[in-house]
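Q: Take this sequence and fold it.
(chains A and B)
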Amino acid sequence: MSKPAPFFKTLLACPEAVLFFVLVAELVFFSAVGRNFNTADNFANIVRHSAEIGLLALVMMPIILTGGIDLSVGSLLGLCAVLFGVFTHEWHIATPLAAALTLVVGAAAGGLNGGLITGLRLPPLIVTLGTFSLFRGLAEAITKGTMTYKDFSPEFLALGRARALGLPYQGWLFITVGIAIGVLVHRTTLGRSFRAIGFSPEGARYAGLPVQRRIALTYVLAGFVAALAALVFTARLRQARADAGSGYELQAITAVVLGGTSIFGGIGTVGGTVLGVACVAVLTTGLKLIPAIALQGIGSELGSLLTGALLIFALASGVLAKSLAARRARRQALSEPQPQPIP
Amino acid sequence: MGRYFRELSVAAALVLLLAVLAGIAPAFFELQPLLSRLTAQTPALVVAVGMALVIICRQIDISVGSQFGVCAVVAGLLAAAGLPLPVVLLASVAAGAAMGALNGWLVAGLGLPSIVVTLATMVTWQEALRLFQQGKFINLPAGLQWFGLAQQRGQLTLIAAAVALLAVAAWVLKNLAAGRHVYAVGTDAEAARLAGINPRGTTLGVFILLGALVGLAAVMNIVQSPQVDPKAGGGLELKTIAAAVVGGVAVNGGRGNLWGVFVGLLLLATINPALTYLHVEAYWEKAIQGLVILLAVVADGIRSRRGVTK
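A: Numbers count the residues shown, from 1 in each chain, chains lettered A, B, ... in the order given. Below is the predicted model:
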């Protein structure tokens, strides 16, 4: 093609740009239709309610970039929340130390996933399906299914309530982790190896990368941040329960895939993941503010339903667009004169 | 012996567990409770057969729990409207097959990974059902429970039907071309294609079959009680995948035996009542299930690594 591609076509090829327009459209739509949508309080609310899923999405992204998947992050969030409650309430450990201990447990649990996947070359899907059940089961066993830990220290609860410069604390946390993951994935040799591994594990190995160690690292990172999300979750709800974070793994994966990261690995940006998180967060909270939907109390079901449908649509459209482009390229190659080989 | 070592070791674990139970809690083997427990597992067995085929074909389907809920509500509403059981069964199977076909089309037709596709359809069906039914139970007409038979005869009918289905599926998988194609595609799809097998058609077929079996299982479930619980399918995906993996179906496809799946399901299904009889708190069920799955895959991983180095 000698003609320059039309502006909107190049734009459509970039999932981040499409997502940005979807986000703007969502904002315009809900500002017009939703009640009290366009207020500072509501935006703080959106940030507060989506920070945990956002954190999980940020660490799910490097895993999917290497071609893996982690279904256990939601369960691990529940286990870490319960363990934090045990540390503070039953072992009477000071809150900062208990929080640090929770983060260590999270990283260790991620290490279990990573060790099984890389040490024994087991498929990540089945390993994390097993730990999905194991972590949630341990949380239920510890709390006997019903116990909740309440009455945390007010300094800790501030993590879930207070704001600095108008943005809730967990918003700042999300930004910090987002920048850290962004720098890691896009600006360091360590992080760029994730992309190489996802693009071609064999090629990465021949290039001298310690493939298995790097893959294990992404799962440890996910465990660590899942524990961090557990602390944020506990502070927001002011209680630690065994069912904390159920279904979050799906929403995190949805945000990452919507954000343009290929589920086959090797392609994706952290910026896209952040946009994906924002799109899902605005959609699910915005729906609850539409009077007709709020009246029926079906906001959360409708939000999850649309998220699932959106994920199918994003997956299918990505593949369909690629195969259409390939077909067009083939037709063009047949109709246009072949380029002369360079002598 | 060597060929079926994996299946036999699971059977040995089951026999061991039953022997312990026989020593400590003979009450476990009383006829009527045992029959009721076995009957309660028949829908899971039917779904596990389909799940095993999908895993042997190197795919996975985690949307079966949601499909089960949709099929149960479809069947329940039709039955409550007074339609005869065969029509109800047909509609439920058709609904399941249609949902399976959507999964199969997305996976085989578009080449998307089955885990993400079925994750998305799982949520979509589950939330659509919650929107539609709002968690309400459906009351069934009186003559439907146990097909209008006495309870024990109804239970025996269900058990016999499930085991017969298992036997037929195991025979087909072992002896007919269609069954061998599933193994071939699961082992190496490209090699299978070069050998004249249609890998896409086979993959689509196993997803549709799984959906149809889910529809059948949903009807087998609703005839066991006077009401339909729209949340009845919760956790079914984990249970059936665990049964297949514990029963020796390789998650990398191409290997597995339906009788092994049967034993795997029995082992998993025995753990929970065994916990109660051994006075361990039932809250440990999920953790132990997860541990059993991990143990099974770790055992497979170690075995296959040893096979590679030999």
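Q: Check the offset of stretch A:53-67 from the chain's centre.
A: 5 Å (Cα atoms, centre = their mean, to the nearest Å).
Q: Kindly export that stretch (C-alpha atoms) in CSV.
A: What follows is stretch A:53-67, C-alpha atoms only, in CSV (Å, rounded to 0.1, in the frame of the first residue of the first chain):
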residue,chain,number,x,y,z
ILE,A,53,-9.1,-4.9,41.3
GLY,A,54,-6.8,-2.3,39.7
LEU,A,55,-3.9,-3.5,41.8
LEU,A,56,-4.6,-7.1,40.8
ALA,A,57,-4.8,-6.2,37.1
LEU,A,58,-1.5,-4.4,37.3
VAL,A,59,0.3,-7.5,38.4
MET,A,60,-1.8,-9.8,36.2
MET,A,61,-0.5,-7.9,33.2
PRO,A,62,3.1,-9.1,33.4
ILE,A,63,1.9,-12.7,34.0
ILE,A,64,-0.3,-12.6,30.9
LEU,A,65,2.5,-10.9,29.0
THR,A,66,4.7,-13.9,29.6
GLY,A,67,1.9,-16.2,28.3
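Q: hmm, it touching chain B?
A: No. Using Cβ under 8 Å from any Cβ of the partner chain, stretch A:53-67 stays clear of chain B, coming no nearer than 9.4 Å. For every residue, glycine as well, the C-beta is placed using N, CA and C.
Q: repeat for stretch A:104-119
A: Yes. Shown here: stretch A:104-119 in contact with chain B (Cβ under 8 Å from any Cβ) through residue A:116.
Q: Identify the residues contacting residue 211.
A: Chain wasn't specified; assuming chain A. A:197, A:201, A:204-205 (Cβ atoms under 8 Å, 6 or more residues apart in numbering or on different chains).
Q: oops, chain B please
A: By Cβ under 8 Å, 6+ apart, the neighbours of residue B:211 are B:50, B:67, B:96-101, B:103.
Q: ChimeraX command for the buried members of the contacts of residue A:211?
A: The following ChimeraX line selects those of the contacts of residue A:211 that are buried, judged by 16 or more other Cβ atoms under 10 Å in any protein chain shown:
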select /A:197,201,204
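Q: out of the contacts of residue A:211, who's nearest chain B?
A: residue A:201 (15.1 Å; Cβ to the nearest Cβ).
Q: For residue B:249, see how far away the closest one is.
A: 25 Å (Cβ to Cβ, to the nearest Å).
Q: Generate TSV for the contacts of residue A:211, with secondary structure as supplementary columns.
A: Below are the contacts of residue A:211 laid out as TSV (DSSP: H, G, I helix; E, B strand; the rest coil):
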residue	secondary structure
A:197	helix
A:201	helix
A:204	helix
A:205	helix
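Q: Identify the residue nearest the geometric centre of the chain.
A: Answering for chain A, as no chain was given. For chain A, residue A:57 is the residue whose C-alpha lies nearest the centre (Cα atoms, centre = their mean; 1.0 Å).
Q: nope, chain B please
A: Note: chain B centre (Cα atoms, centre = their mean) maps to residue B:48, 2.1 Å.
Q: For residue A:140, see how far away that residue is.
A: 24 Å.
Q: got it, and residue B:169?
A: 34 Å.
Q: Among the two, which residue is more densely surrounded?
A: Set residue B:169 next to residue A:140 and count neighbours by other Cβ atoms under 10 Å in any protein chain shown: residue A:140 wins out with 25 against 20.
Q: list the contacts for that one?
A: A:242, B:283, B:286-287 are the contacts of residue A:140 under Cβ under 8 Å, 6+ apart.
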